[in-house]
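*Asks:* With the sequence up front, the predicted model follows.
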Amino acid sequence: MNVIITNRYKSMIQNLDIDIIKEMNGEFEVDEIISSFKNFFFQRMILDITAIKNYNDIKNLQKLSISLDMDKLILLLDNTPESSSREYQSNLISIGIYNFTRNVEGIKYLYNNPNSYRDVAHIHQIAPTNLEAEAPSITVPNLGPRIIGVKNVTAQSGATTLIYMMKKQLQKNYRVIALEVNKRDFTFFKDRELISTNDSAINTLISKHHDAEAILIDINDSTIAESLCHDIVYLIEPSVIKLNKFMLVNSKKLDKLKNKMVILNQSMLSSKDVLDFEYESKLKIFFNMPPLDERQTDIQVLNSFLTRLGFDRQKTEEMEKKNRILGLFNI
C-alpha cells in the first residue's frame with residue numbers, strides 16, 4: 001500500500017493506478033510529515049515537492065532523508081529553475097534521495113524500477129554541491145598522468161583488489177598503470193601489467209610512465225607514495241568487528257579523515273545505514289562500495305565509482321534515455 005502527499009500537483013498524482021493507504025493534501029512542515037510516517041508502514045511514498053514548506057532549502061529535504069526510508073520515496077519535482085537545476089538534483093543525491101522526476105511517466109517508471117546510486121551517479125559528479133562544500137575536491141592535473149592512491153584505513157579493507165579492478169575497467173578507455181609499494185600482493189592476480197615496487201624506485205617508475213593517463217597506487221605504508229598522489233581514496237570496511245578493532249587501537253584516527261575521500265568498501269550498508277554512519281562518525285562518505293566479483297568484466301557500480309572520481313567515459317545511451325523518461329535534463 002502507498003502514501004501520497006500532494007499540493008500543487010494533486011490532479012497529476014491522483015490519476016495514478018495504485019493502491020493508496022493514506023493521503024495528505026496541502027503544504028506541510030517537514031516535521032509534520034516525519035511525525036506522520038516515521039512509524040507507519042508503506043510500500044511507496046509519492047511526494048509532491050510543493051507539499052513541503054520551504055522545499056528550496058535542501059536542509060529540509062535532508063531532515064526528511066534522515067528520518068524516513070528514502071528507498072521508498074518518489075519525489076515529484078516542480079518546474080522552478082531552483083529544483084530543476086543540476087545543483088539541486090545533485091544535492092538530493094548527496095542526502096540519499098535517488099528517485100525524483102518531473103512527470104507522471106517518471107513516477108510510473110520509478111515505482112517499478114527504483115534507482116540506486118549508480119543510476120544517478122552521472123548527475124552527482126557534474127558539479128560540487130553546497131552540502132559537499134567541505135568534502136574533498138577532485139583535481140585532475142593538466143600535465144602528465146593523474147595519480148590516484150588507495151589506502152586501507154581499517155586492516156585489509158581491500159585496497160589491492162580494488163586497484164586491480166579499477167585498472168581492468170579503466171584500461172578499456174584509458175592508458176592506465178597500477179603500482180603497489182613495499183608489498184608483493186599483486187603477484188596473486190597473475191597479471192604482468194601490475195607492478196610491485198618500493199620507496200626507492202617509485203619516483204623512477206612514475207617518470208617512466210609519464211605518457212599514461214592515470215596511475216593507480218596501492219600506498220600501503222609508504223609516505224613517499226602518499227606524497228606523490230593527486231588524490232587519495234581511504235578505505236573503511238564498515239563491519240562491526242573491523243570498526244571496533246580499529247577504534248580500540250586508535251580512536252582518534254577517524255578525526256584525521258575529515259574532508260578526505262572516504263570509501264566504505266566491501267560494504268553491505270543501505271543508503272539509510274550510510275547516513276547513520278556519517279552522523280556517528282562525523283565523516284562525509286564519498287562512495288558506498290558493495291562487495292565486488294573480480295571475475296566479472298563489467299561492473300556497473302564500479303563504473304559509477306569511476307565516474308564519480310572524474311573519469312567521464314562511462315556515459316551510456318541508457319542513462320540519456322532514462323533522463324528523458326524522468327523528465328530530467330540530458331547529460
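*Replies:* Structure received.

*Asks:* so the residue of the chain positioned farthest from its centre, which of the three states?
*Replies:* Distance to the chain centre peaks in the chain at S200, reaching 35.6 Å (criterion: C-alpha atoms, centre = their mean). Under DSSP: H, G, I helix; E, B strand; the rest coil, the three-state class of S200 is coil.

*Asks:* dump the residue contacts of it.
*Replies:* Contact analysis of S200 by C-beta atoms under 8 Å, 6 or more residues apart in numbering lists nothing. (C-beta placed from N, C-alpha, C; glycine too.)

*Asks:* ok, now which ones touch Y279?
*Replies:* I66.

*Asks:* Going by neighbour count, list what's buried in whatever helix or strand it lives in.
*Replies:* If you go by DSSP states H and E, Y279 is part of helix 271-281. For helix 271-281, a neighbour-count test (16 or more other C-beta atoms under 10 Å) marks S271, K272, V274, L275, F277, E278, S281 as buried.

*Asks:* cool, stretch 194-201 as well?
*Replies:* Of all the residues in stretch 194-201, those buried under the rule 16+ other C-beta under 10 Å are L194, I195, S196, T197.

*Asks:* just stretch 29-47 next, same as before
*Replies:* In stretch 29-47, counting by 16+ other C-beta under 10 Å, buried: V30, E32, I33, F37, F42, R44, M45, I46, L47.

*Asks:* Counting by contacts, list what whatever helix or strand the third one lives in packs against.
*Replies:* When you say that, I think you mean I33. Using DSSP H and E, I33 sits within helix 30-37. Counting contacts by 3 or more C-beta pairs under 8 Å, 6 or more residues apart in numbering; DSSP states H and E, helix 30-37 packs against helix 58-67.

*Asks:* Give me the contact list for the helix it packs on.
*Replies:* By C-beta under 8 Å, 6+ apart, helix 58-67 touches 30-31, 33-34, 38, 52-55, 70, 73, 88, 91-92, 95-97, 130-131, 275, 279.

*Asks:* repeat that with 6 Å
*Replies:* Helix 58-67 is contacted from outside by V30, I34, K38, N54, N91, I95, G96, I97, L275, using C-beta atoms under 6 Å, 6 or more residues apart in numbering.

*Asks:* Likewise for stretch 43-51?
*Replies:* 1-9, 13, 28, 55, 72-78.

*Asks:* ditto for stretch 26-39
*Replies:* N7, A51, K53, N60, K63, L64, S67.

*Asks:* Write down the beta-bridge partners of N25, one by one.
*Replies:* T6 (DSSP bridges).

*Asks:* Mind pulling up the pLDDT for it?
*Replies:* Among the per-residue scores, N25 holds a pLDDT of 94.

*Asks:* Got the domain ranges for the protein?
*Replies:* 2-131+317-326, 146-309 (automatic domain parsing).

*Asks:* From the chain's centroid, how far away is the last one?
*Replies:* The gap between where domain 146-309 is centred and where its chain is centred comes out at 15 Å by C-alpha atoms, centre = their mean, to the nearest Å.

*Asks:* tell me the average confidence for it?
*Replies:* 86.

*Asks:* First-to-last residue distance for that domain?
*Replies:* Distance between the two ends of domain 146-309: 11 Å, counting by C-alpha to C-alpha, to the nearest Å.

*Asks:* Same question for the shortest one.
*Replies:* With C-alpha to C-alpha as the measure, the ends of domain 2-131+317-326 fall 20 Å from one another.

*Asks:* Repeat that for stretch 189-196.
*Replies:* Using C-alpha to C-alpha, the end-to-end distance of stretch 189-196 comes to 12 Å.

*Asks:* go on, stretch 230-239?
*Replies:* Stretch 230-239 end-to-end distance (C-alpha to C-alpha) = 29 Å.

*Asks:* which other residues reach it?
*Replies:* With C-beta under 6 Å, 6+ apart, stretch 230-239 has contacts from 138-139, 141, 146-154, 157, 159, 257, 260-267, 269.

*Asks:* and stretch 7-24, how far from the chain's centre?
*Replies:* That offset, for stretch 7-24, works out to 31 Å (C-alpha atoms, centre = their mean).

*Asks:* and the end-to-end length of it?
*Replies:* Distance across stretch 7-24, first residue to last, is 9 Å (C-alpha to C-alpha).

*Asks:* Which secondary structure state is assigned to the residue nearest in space to the middle of the chain?
*Replies:* Residue closest to the average C-alpha location in the chain (C-alpha atoms, centre = their mean): F287, at 4.0 Å. Classification of F287 using three-state DSSP returns strand.

*Asks:* For P291, what is the enclosing helix or strand?
*Replies:* With DSSP H and E as criterion, P291 is part of no helix or strand.

*Asks:* Now do it against D218, distance only.
*Replies:* The gap separating P291 from D218 is 19 Å, by C-beta to C-beta, to the nearest Å.

*Asks:* What segments of the stretch 1-150 of the chain are helices?
*Replies:* 10-14, 30-37, 58-67, 81-84, 86-94, 104-112, 117-124 (DSSP state H, counting those that start in this stretch).
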